[in-house]
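Trainee: sequence unknown, structure follows:
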C-alpha cells in the first residue's frame, strides 16, 4: 500500500515495527510490512527513525509540491544493479538502436491513446464519429513515427513534433467528451488553467515518482535519456519512459469526470490557474491507486498495472546488456 500524508502539520514517526501517523485529532499505525511507499503532499513532521526504517525496508519517501510534481525523495544510496547497464545506456543512446527504443516508447503511448478512445467511443454513439476521426489521425501519426530511421540526433525534432501533434488530437478528443462545465483547451501546466489539467498534472506527478523508482530498482540511470534532452539535474529517462504509462493517469481522470465524482470544491484558485486542495488530492490519489491495482493482460501474463512499470524497466535493462 501507499501511505499518503496530505494533512498540514501531520507527524510521522516509528513505533516498533510500525509507522505511526498523527493527523489532526487522529492517530493510527501501519505495519512496515504493508507499506510500499510513503507520499507526502503537504507540510509535515518526520522523525529520522521513521526515515531509517523506511530506507531499511526499501520504502521510498516521496515529496510532491502543490502541483503534484515530485521535488525530492528519500531512498537508499545503493545502486539498483550493475554499472554495465548505465554504460550501455550511454553507448546506444545516440545509435540506431537508441532510436528504435525511443520510437517504441512513443508508439506505445499513441497505441494506448488509440485504445482508450476506442473504449470511450463504444458507450457514446452520438460522439463516435468524431472520436473515430481522432483515432484515424493518431493511427496516421503512429505509422509516420514507425517509418523513421537513423539516429536520435537526426530524428529527435521530428519525433517530438509528431508526438505533439498526436497529443493535440488526443486531448481535443478527451475535451469533446467532457461535461460542458469541464471542457478544456489543450494541455496546461504549473499551474493548470482548468480542472481537468489540474487533476491530470497531479496524476502525472505520482507516475513520475513510480517510474523513477522502477528505473533505480532495474539499474537504469534516470538521468541518461534517449529522446528527451540532457539538462542539468533533468531525469531525462524518466521523461522518456513515462510516455508508456501516462494512460493510467488519463484513464483515472476521465473516469472521475464521467462518473461525476469531481466537484469544484476540490480546487483552489491561484494566480494563473488552479491547484488541488486536500480533498481533491485524496479523491485523485485513491482513484489512481485503484487504477494501478487493477490486473490486466500484458505480454502473455496477468499483472497489476503498477507492476507493469517495473516489468518494463527490467525488460529495458535486460535488452541493454544483452
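Mentor: Done, it's in. Just so you know, these numbers come straight off a predicted model, no measurement behind them.
Trainee: List the buried residues in stretch 125-138.
Mentor: Going by neighbour count (16 or more other CB atoms under 10 Å), the buried part of stretch 125-138 is 131, 134, 135, 137, 138. For glycine as for every other residue, the C-beta is placed from the backbone atoms N, C-alpha and C.
Trainee: The last one sits in which helix or strand?
Mentor: Okay, so that is residue 138. Following DSSP states H and E, the helix or strand that holds residue 138 is helix 128-146.
Trainee: Mind putting the buried residues of stretch 125-138 into TSV with pLDDT?
Mentor: Below are these laid out as TSV (pLDDT from 0 to 100):
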residue	pLDDT
131	97
134	98
135	98
137	98
138	98
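Trainee: closest to residue 317 among these?
Mentor: Comparing the buried residues of stretch 125-138 against residue 317 with CB to CB places residue 138 closest, at 29.4 Å.
Trainee: give the contact list for the closest one.
Mentor: Shown in contact with residue 138 (CB atoms under 8 Å, 6 or more residues apart in numbering): 110, 113, 114, 117, 166, 169, 170.
Trainee: same thing but 7 Å
Mentor: 110, 113, 114, 166, 169, 170 (CB atoms under 7 Å, 6 or more residues apart in numbering).
Trainee: and the first one, that one's in a helix?
Mentor: Yes: inclusion of residue 110 in a helix is indicated when DSSP: H, G, I helix; E, B strand; the rest coil is applied.
Trainee: Where does the prediction get shaky in this protein?
Mentor: In the predicted model of the chain, residues 76-82, 230-233 satisfy pLDDT under 70.
Trainee: Compute the number of surrounding residues for the residue nearest to residue 242 when sequence neighbours are not counted.
Mentor: Distances taken as CB to CB, 6 or more residues apart in numbering place residue 211 nearest to residue 242, at 4.9 Å, with adjacent residues excluded. Look at residue 211: counted by other CB atoms under 10 Å, it has 26 neighbours.
Trainee: which residues does residue 211 contact?
Mentor: Taking CB under 7 Å, 6+ apart as the contact definition, residue 211 lies against 238, 241, 242, 245, 309.
Trainee: May I ask which of those has the most neighbours?
Mentor: Counting neighbours by other CB under 10 Å, the top entry in these is residue 241, with 29 neighbours.
Trainee: That one is in what secondary structure piece?
Mentor: helix 236-241.
Trainee: Next, the residues that contact that helix from outside, please.
Mentor: Residues outside helix 236-241 that contact it (CB under 7 Å, 6+ apart): 102, 105, 208, 211-212, 215, 220-230, 313.
Trainee: And the next helix or strand past that helix?
Mentor: Downstream of helix 236-241, the next assigned helix or strand under DSSP H and E is helix 246-258.
Trainee: Give the buried residues for the helix or strand that that following helix is followed by.
Mentor: Counting by DSSP H and E, the next helix or strand C-terminal to helix 246-258 is strand 267-270. By 16+ other CB under 10 Å, the buried positions in strand 267-270 come out as residue 267.
Trainee: now swap in stretch 274-283 and tell me
Mentor: Buried, per 16+ other CB under 10 Å, within stretch 274-283: 274, 275, 276, 280, 281, 282, 283.
Trainee: Please apply the same query to stretch 160-169.
Mentor: Buried, per 16+ other CB under 10 Å, within stretch 160-169: 162, 163, 166, 167, 169.
Trainee: mind listing what the residue sitting nearest the centre point of the chain touches?
Mentor: For the chain, the residue sitting closest to the mean C-alpha position, by CA atoms, centre = their mean, is residue 207 at 2.3 Å. Applying CB under 7 Å, 6+ apart to residue 207 gives the contacts 242, 245, 246, 248, 249.
Trainee: Ok, residue 61 next?
Mentor: Taking CB under 7 Å, 6+ apart, we find residue 61 in contact with 38, 40, 51, 54, 73, 74.
Trainee: ok, now how distant is the third one from residue 144?
Mentor: Yep, that's residue 51 we're talking about. Going from residue 51 to residue 144 by CB to CB, to the nearest Å gives 48 Å.
Trainee: Compare those two (neighbour count), which wins?
Mentor: Per other CB under 10 Å, whichever of residue 51 and residue 144 has more neighbours is residue 51, with 17 against 14.
Trainee: which element is the more buried one on?
Mentor: helix 48-56.
Trainee: what separates that helix from the chain centre, distance-wise?
Mentor: Mean C-alpha position of helix 48-56 versus that of the full chain (CA atoms, centre = their mean, to the nearest Å) differs by 25 Å.
Trainee: what helices or strands is that helix leaning on?
Mentor: Secondary-structure packing of helix 48-56 (3 or more CB pairs under 7 Å, 6 or more residues apart in numbering; DSSP states H and E): strand 10-15, strand 70-74.
Trainee: which of those sits most buried?
Mentor: Stretch with highest mean neighbour count among those: strand 10-15 (a mean of 18; mean count of other CB atoms under 10 Å).
Trainee: Strand partners (parallel or antiparallel) of that strand?
Mentor: Strand pairing for strand 10-15, using DSSP bridges, gives strand 18-23 (antiparallel), strand 44-46 (parallel).
Trainee: angle of it against helix 48-56?
Mentor: Interaxial angle of strand 10-15 relative to helix 48-56 (axes from the mean of the first three to the mean of the last three CA atoms, to 10 degrees): 70 degrees.
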